[in-house]
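*Asks:* predicted structure and sequence below. I'll ask about it afterward.
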2 protein chains.
Amino acid sequence: MKARTETKEKIVELGTDLMKSIGYPSLSYHQISCKLGIKNAAVHYHFPSKESLGLEILTDAIISFEEVIFNVSGLGSWEKLDLFFKNYRRHLESNNKICLIGASASDYQELPESMQTAATEYLVLVKGWFVELLDKGRKEGNFHFKGEPENKAAVIVSALAGGLQQARLIGNAHFDGIVNQLKEDLKP
Amino acid sequence: MKARTETKEKIVELGTDLMKSIGYPSLSYHQISCKLGIKNAAVHYHFPSKESLGLEILTDAIISFEEVIFNVSGLGSWEKLDLFFKNYRRHLESNNKICLIGASASDYQELPESMQTAATEYLVLVKGWFVELLDKGRKEGNFHFKGEPENKAAVIVSALAGGLQQARLIGNAHFDGIVNQLKEDLKP
DNA sequence: TTGTTTACTTACTAATAAGTAAGTAATTTT
DNA sequence: AAAATTACTTACTTATTAGTAAGTAAACAA
């Protein structure tokens, strides 16, 4: 017998990768079982329904991001921003994946309700983190921008998610251009 | 017998709506035939393969946008920008659809090659239109922004496409906030 | 050492998908 | 009026999907 959750963790990992590359509706238990060298029913043993797997993929990502928030809380405004951008860009390096929020949003109508709720929670968390970062950063004189922090945060999280997707069509320089422009626009 | 292309046009129209709401992989001939009151095989008569339908959906959209470019060519920078934003926002009003570029980009890995190429062509066209609009608008003193027009165009097209998607999760105000911020950031 | 739980496999079902071959009725062309 | 084309329908195939029921071998607990 394998260590307690070894296979289960691999399923979530692979499921996350698949959701980021082909989307939740196209993700199949067959693909997962083949790549892990196990049988279809073994995946169902750990995740009885596809919904249960999809939900775990999202809740795991939420927990990971909450940990990131905690770990970077001591850094300066620009350091936080750069770290986020750098982390986000990693998606491009492994087969042009997109972020889970973007994948959930574009497939939203095909997601079970529990996943829709989790995806909303995830986006609220990420956008909220940006709102605070921008608000505090501007008050401290590190950032400059006009208007409400919420609107500026909306532009940033949407441009990043959309940028990853569009980089698939016209190349990674598109995403890098977005990051450069967003940073340029925030300089005091 | 129906008028020449009546049914065929309805299939493309409905297919476009479906691609914008559930995505190309989830779109099925069964859904189309049911909604149009015809049989599965009738859809295959007009579009032998799903790929042929998907390709026509994209090429029709490209042609439409080329017509729009031509029709607005006489307008001022801000009028063009506002018209584009207003047109884009229409997606939200009919069941939170997303744009075809966003739908193609997020499902990119699941698209046949011909559709990938068409989607790229579409994005190149839209982004290129924005690059010119921004460049000319800045030279004429109507817009203000730092850096290259291409990077600013990248931010705008990605924020809009991403914003439509994310509005599904957290509401239409998210998209409106993006539009307001983008306009605010372009004011001289 | 016996019984139970864990982590699977084997073998299946029911639903849905794209796609096809053959037939039909109306329209259009010759 | 006859022939060909158009726009379908009927009836089917093959492939893939999520999901399940029953069996099994190893590990662990009593």
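*Replies:* Perfect, thanks for sending it. In this text, all values refer to a predicted model and were calculated from it rather than measured experimentally.
*Asks:* A:W78 and A:D176, how far apart?
*Replies:* 18 Å (Cβ to Cβ, to the nearest Å). Just so you know, the C-beta spots here come from the backbone N, C-alpha and C atoms, and that holds for glycine as well.
*Asks:* in chain A, where's the longest helix?
*Replies:* Counting residues, the longest helix found in chain A (DSSP state H) is helix A:113-139.
*Asks:* so what does it touch, helix or strand wise?
*Replies:* Helices and strands touching helix A:113-139, as assessed by 3 or more Cβ pairs under 8 Å, 6 or more residues apart in numbering or on different chains; DSSP states H and E, comprise helix A:50-71, helix A:77-93, helix A:100-106, helix A:149-170, helix B:149-170.
*Asks:* packed most tightly, which of those would that be?
*Replies:* Of all these, helix A:100-106 carries the top mean neighbour count, a mean of 29, counting by mean count of other Cβ atoms under 10 Å in any protein chain shown.
*Asks:* mean confidence for that one?
*Replies:* Across helix A:100-106, pLDDT averages out at 98.
*Asks:* and chain B, is that helix touching that?
*Replies:* Yes - using Cβ under 8 Å from any Cβ of the partner chain, helix A:100-106 reaches chain B at A:101-106.
*Asks:* so which of these also contact DNA strand C?
*Replies:* Among those, none lies close to DNA strand C by the criterion of Cβ under 7 Å from any atom of the strand.
*Asks:* for those, which one is nearest B:Q166?
*Replies:* Ranked by distance to B:Q166 (Cβ to Cβ), the residues of helix A:100-106 next to chain B are led by A:A105 at 5.2 Å.
*Asks:* do I have it right that that closest one meets B:R168?
*Replies:* Yes - look at A:A105 against B:R168 with Cβ atoms under 8 Å: they come within range, at 5.7 Å.
*Asks:* joint contacts of the two?
*Replies:* Common contacts of A:A105 and B:R168 (Cβ atoms under 8 Å, 6 or more residues apart in numbering or on different chains): B:I98.
*Asks:* quick one: name the residues of chain A near DNA strand D.
*Replies:* So chain A meets DNA strand D at A:1, A:27-31, A:40-41, A:44, A:48-51 (Cβ under 7 Å from any atom of the strand).
*Asks:* I'd like to know which of these are buried.
*Replies:* Among these, those buried by neighbour count (16 or more other Cβ atoms under 10 Å in any protein chain shown) are A:27, A:29, A:50.
*Asks:* what is the nearest of these to A:F85?
*Replies:* A:L27 (27.3 Å).
*Asks:* that closest one in helix, strand or coil?
*Replies:* Three-state call for A:L27 (DSSP: H, G, I helix; E, B strand; the rest coil): coil.
*Asks:* so it makes contact with A:M19?
*Replies:* Yes - using Cβ under 8 Å, A:L27 is in contact with A:M19, at 5.7 Å.
*Asks:* quick one: common contacting residues for the two?
*Replies:* By the contact definition Cβ under 8 Å, 6+ apart, A:L27 and A:M19 are jointly contacted by no residue.
*Asks:* closest one of the residues of helix A:100-106 next to chain B to DNA strand C?
*Replies:* When these are compared for distance to DNA strand C (Cβ to the nearest atom of the strand), A:S106 wins out at 18.0 Å.
*Asks:* who's in contact with that closest one?
*Replies:* A:S106 neighbours (Cβ under 8 Å, 6+ apart): A:23, A:165, B:23, B:98, B:102-103, B:106-107, B:165.
*Asks:* also A:T16?
*Replies:* Counting by Cβ under 8 Å, 6+ apart, A:T16 has contacts A:57, A:60-61, A:100.
*Asks:* A:P25 too?
*Replies:* A:107, A:110, B:23, B:25-26.
*Asks:* and A:G54, by the same measure?
*Replies:* Counting by Cβ under 8 Å, 6+ apart, A:G54 has contacts A:15, A:19, A:24, A:111-112, A:115.
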